[in-house]
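> With the sequence up front, the predicted model follows.
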Amino acid sequence: MSAVDFGRRVLVLRRRRIAVRLERRSVLVCTALAVAAAGLAVLALMTGSYQLSAGQVVSALTGGETGLVHDIVVEWRLPRVVAALVFGAALGVSGAVFQSLLRNPLADPGLIGFSQGSYTGALVVILVVNGSYLQLVGGALLGGMATAVAVYLLAYRRGVQGFRLIVVGIGVSATLESLNIWLILKAELEQAMAAAAWGAGSLNGVSWNQVVLGGSCIAVLLLLAGMSSRPMRQLELGDDAAASQGVRVSPARLGLIVVGVALTATVTAASGPIAFISLVAPQIGRRLARTGGITLAPAAFVGALLCLAADYVAQHVAPTPLPVGMITVMLGGGYLGYLLFTEARRRL
Amino acid sequence: MTALALRRDGPGTVKVPGPRRRLIGLVVALVALLVLLVLSVMIGSTAIAPSVVWDALFRPSADIDQFAIRDYRLPRTVAGLAVGAALGLSGALMQALTRNPLAEPGILGVNAGASFAVTVAVGLLGVRDIGDYMWFAFAGALVVTIMVLALGSTRQGQSPVAMVLAGICIGAVLGGAREALQLTNPEAFDAMRSWNAGSILGRPLEIVWPILPFFAVAIVLAFAVAGPLNAMALGDELAVAQGVRLARTRVLAVIALTLLAGGATAIAGPIAFVGLMVPHVARWIVGPHQRWIFAYSVLLGPILLLASDILGRVVMHPSEVPVGVVTAFVGAPVLIALARRKRASGL
């Protein structure tokens, strides 16, 4: 096979009509991340008020245990671990889509108002309607989606241009944020604290129902994201260049936005807004895989590992169990800072 | 510096008003600010006759209405003036420094540092009085900004992008720690939720005076680096070729904007949007000339803040909406409308 040297080693898998091109380093990095995540998952399944050994966990997972050990591992701890992995991957990919789309390393779905909007929806349900958990989820989804649609429409003017989308998103987010602060200010202290705890993002009380439902939504969305990764890379070159390569710019962009927002929406519905993974995971993934632009797979694996690690820390390392969102903020922020710091050193 | 006020021609023509129109605009802004200052003293939850207001300011007596004017509305107006000017100018500095039209002082970790320090003061040290935890806020803002500056530095100098990223990182870490502290400490949560809204109500003059010298120093610094910042807008290499010392300019600009944003946050709590929006409006009026942008920002900042504060007293009469909430509601539609215009502004 005569190949053009692209300067990077690639693997090409061909099966009749489908060919997948993989960069070798990305594959290695993703494999390593997956192994690390699996190891951490076993550790998370072992740890708790009832300690188990690695052997017990593995045999429980393979169906070798019955009774209490089986219940603890499969019914209690596993949904939470799977949720952390799946939700983390979804957030990572969602962030990657937005950062690529807006060509801005600081972009995430929060930028077009999703997080603030869903928090507003949840606050209204908690503080005004005093609704049930299901209503809370509905309120959050409705709030987030309505905000994202509003931002998109407000930024629409014969097509949506990246900069305008960002500015409109900032405007709408800032308004909603201050509305949220005001709602919390007006509420009773206990209700306000409950709302703030939801707003911090937590995997407490995640059950198999939520994991299966959320996980299948996320699986479909990840598949869609994977399929649109090619036009996504072409859009990074600029609208004109992408159009000249046959990409239908506006539909492609709208589709990517919908996938990105839907991924975050699914996670938010199940667990509240888990901050910062969508912002950091694509950046960490890009640096680990040393790819030129943002790529989806490393972002997904980093997101999953990060979310699981954060939840482990939130549950078992922190002095009192905390919402995972607080740990992701600190962990992710610290790691991005460390990366910047070492990069700055290397440049000297 | 006049070279920079040249008209750009071509498809995206930017018409830059001449010096005369800029000066007239400045006078108009000044008059508007004066009107708002008067209104801010006049309007409140109870109606007080103008003659009583006049007497309160110039012929003081023990009258209860005069007391309301002197102890509540006057300090709040002074605070609004100082905080608005500081936020507007710090935003302009930040955007010039990072060459990023979306930058605002909050990104450098100013708000994160201030609110973390206040949470620690309230939650762990049991500080209760705004006059006491103000200094925690100021110190927190200063320390975090210095950390951001250090983290965003290489031997070649400070890179604006690295600074912004460092600010976001530190802001995130502190934000998470702050939330954890608040959620495990209901008392701190209760105190923080009103501080977080951003308000200039109940800040006596004794709180505002000690911050003013910092503002004065910062304003002098800002105008001193306006020229070099203009040159840096063309790119670092060209600026160096014109004799600008990059590192010194950046450090001075960061000092100025930290003093301004830190001081403003210390007085009022985090107020969104003023620092982001005011420089944009200034740039739309005067074009890409930093010294004029700074001058306009100093005036437009308090105009936005005082107008929002007055609005906050009126809309939900007799209860009040904190100014930080109103600035977002006033600012966002304007920002969106401006972004939807044909020429959204670059920098």
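Cool, got the structure.
> For the helix or strand in which A:Gly138 is found, report the contacting residues that lie outside it.
Here A:Gly138, judged by DSSP states H and E, is contained in helix A:133-154. The contact list for helix A:133-154, computed with C-beta atoms under 8 Å, 6 or more residues apart in numbering or on different chains, reads A:109, A:112-122, A:124-126, A:129, A:131, A:160, A:165, A:168-169, A:172, A:176, A:198, A:254, A:257, A:261, A:264-265, A:268-270, A:272, B:336, B:340. Just so you know, the C-beta spots here come from the backbone N, C-alpha and C atoms, and that holds for glycine as well.
> Report the buried members of the residues you listed.
By neighbour count, with 16 or more other C-beta atoms under 10 Å in any protein chain shown, the contacts of helix A:133-154 hold A:109, A:112-122, A:124-126, A:131, A:160, A:165, A:168-169, A:172, A:176, A:198, A:257, A:261, A:264-265, A:268-270, A:272, B:336 as buried.
> Surely B:Ala339 and A:Val168 touch.
Yes. Contact criterion C-beta atoms under 8 Å: B:Ala339 and A:Val168 qualify, at 5.6 Å.
> Which neighbours do the two have in common?
The contact lists of B:Ala339 and A:Val168 share A:Ala155, where a contact means C-beta under 8 Å, 6+ apart.
> Report the separation between the residue nearest to A:Pro109 when sequence neighbours are not counted and A:Ala148.
Sequence neighbours aside, A:Thr264 is the residue nearest to A:Pro109 in space, at 4.2 Å (criterion: C-beta to C-beta, 6 or more residues apart in numbering or on different chains). Distance, A:Thr264 to A:Ala148, using C-beta to C-beta, to the nearest Å: 9 Å.
> which residues do those two both contact?
A:109, A:114.
> so where's the chain uncertain?
Looking at chain A here, since you left the chain open. A:1-8, A:19, A:106, A:111, A:159-162, A:336, A:339-348 (pLDDT under 70).
> wrong chain, I was asking about chain B
B:1-17, B:102, B:153-161, B:342-347.
> my guess is B:Tyr72 contacts B:Thr46, does it?
No. Applying C-beta under 8 Å as the test, B:Tyr72 and B:Thr46 come out as separate, 10.2 Å apart.
> Give me the more crowded residue out of those two.
Using other C-beta atoms under 10 Å in any protein chain shown, the more surrounded residue of B:Tyr72 and B:Thr46 is B:Tyr72, with 17 against 8.
> could you measure the more buried one against B:Ile43, distance?
Taking C-beta to C-beta, one finds B:Tyr72 at 12 Å from B:Ile43.
> quick one on the thing from earlier: what about the helix or strand that the helix holding A:Gly138 is followed by, near chain B?
Per DSSP H and E, the first helix or strand lying C-terminal to helix A:133-154 is helix A:162-186. Yes. Using C-beta under 8 Å from any C-beta of the partner chain, helix A:162-186 reaches chain B at A:163-164, A:166-168, A:170-172, A:174-175, A:177-179, A:181-182, A:184-185.
> list the helices and strands helix A:162-186 packs on?
Under the contact criterion of 3 or more C-beta pairs under 8 Å, 6 or more residues apart in numbering or on different chains; DSSP states H and E, helix A:162-186 touches helix A:114-123, helix A:133-154, helix A:189-200, helix B:186-197, helix B:323-340.
> quick one: the third one to helix B:186-197, angle?
In other words, helix A:189-200. 70 degrees (axes from the mean of the first three to the mean of the last three C-alpha atoms, to 10 degrees).
> do helix A:189-200 and chain B meet at all?
Yes. Applying C-beta under 8 Å from any C-beta, one finds helix A:189-200 touching chain B at A:189, A:192-193, A:196-197, A:200.
> quick one: buried residues of that helix?
Quick answer for helix A:189-200 (16+ other C-beta under 10 Å): A:192-193, A:195-200.
> where exactly do the strands run in the chain?
Looking at chain A here, since you left the chain open. Applying DSSP state E to chain A gives strands spanning A:10-15, A:18-23.
> Switch to chain B, please.
Assigned by DSSP E, the strands in chain B fall at B:153-154, B:157-158.
> can you tell me which residue is nearest the centre of the chain?
By default, I'm working from chain A. With distances taken as C-alpha atoms, centre = their mean, A:Leu91 lies nearest the centre of chain A, 0.7 Å away.
> hmm, I had chain B in mind actually
Note: chain B centre (C-alpha atoms, centre = their mean) maps to B:Leu87, 0.9 Å.
> number of nearby residues for the nearest residue to that one once chain neighbours are set aside?
The shortest distance from B:Leu87 to any non-neighbouring residue, by C-beta to C-beta, 6+ apart, is to B:Val274 (4.1 Å). Residues near B:Val274, counting by other C-beta under 10 Å, number 35.
> show me what contacts B:Val274?
Applying C-beta under 8 Å, 6+ apart, the residues near B:Val274 are B:84, B:87-88, B:91, B:301, B:304-305, B:327, B:331.
> Out of the residues you listed, name the ones that lie in helices.
B:84, B:87-88, B:91, B:301, B:304-305, B:327, B:331 (DSSP state H).
> was I right about the residue nearest to the centre of chain B contacting B:Leu276?
No. With contact taken as C-beta under 8 Å, B:Leu87 and B:Leu276 are classed as non-touching, separated by 9.3 Å.
> Let me see the contact set for B:Gly263.
B:82, B:86, B:138, B:211, B:214-215, B:218.
> can you tell me which two in those are farthest apart?
Spatial extent of those (C-beta to C-beta) is set by the pair B:Ala82 and B:Phe138 at 13.3 Å.
> shared neighbours of those two, anything?
Contacts common to B:Ala82 and B:Phe138, judged by C-beta under 8 Å, 6+ apart, are B:211, B:263.
> Quick check: residues of the stretch 151-300 of chain B near chain A?
Going by C-beta under 8 Å from any C-beta, the residues of the stretch 151-300 of chain B near chain A are B:151-156, B:162, B:164-166, B:168-173, B:175-177, B:179-180, B:182-184, B:186, B:189-190, B:193-194, B:196-197, B:272-273, B:276.
> one step back: who wins for most neighbours among the contacts of B:Val274?
B:Leu305 (35 neighbours).
> What sits closest to that residue if chain neighbours are left out?
In space, B:Leu305 is closest to B:Gly84, 3.3 Å off (C-beta to C-beta, 6+ apart).
> Chain B versus A:Tyr133, what's the distance?
Separation of A:Tyr133 from chain B (C-beta to the nearest C-beta, to the nearest Å): 19 Å.
> Distance of that residue relative to A:Ser115?
Applying C-beta to C-beta, the value for A:Tyr133 to A:Ser115 is 19 Å.
> next one: B:Ala264
Counting by C-beta to C-beta, the gap from B:Ala264 to A:Ser115 is 26 Å.
> Now do the helices in the stretch 201-348 of chain A.
A:208-227, A:229-235, A:239-244, A:249-271, A:277-289, A:296-312, A:324-347 (DSSP state H, counting those that start in this stretch).
> Out of the ones you listed, which is closest to A:Ala83?
helix A:208-227 (5.0 Å).
> just checking, what packs against that closest one?
Helix A:208-227 packs on helix A:78-101, helix A:249-271, helix A:296-312, going by 3+ C-beta pairs under 8 Å, 6+ apart.
> Now that helix: buried residues?
Buried residues in helix A:208-227, counting neighbours by 16+ other C-beta under 10 Å, are found at A:210-211, A:214-215, A:217-218, A:221-222, A:225.
> of these, closest to chain B?
Using C-beta to the nearest C-beta, A:Gln210 is the member of the buried residues of helix A:208-227 that lies nearest chain B, at 22.4 Å.
> show me what contacts the closest one?
A:Gln210 sits in contact with A:79, A:83, A:270, where contact means C-beta under 8 Å, 6+ apart.
> Output these as JSON lines; include the columns distance to chain B.
Listed next are those as JSON lines, based on distance: C-beta to the nearest C-beta, whole Å:
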{"residue": "A:Pro79", "distance to chain B": "24"}
{"residue": "A:Ala83", "distance to chain B": "20"}
{"residue": "A:Ala270", "distance to chain B": "20"}
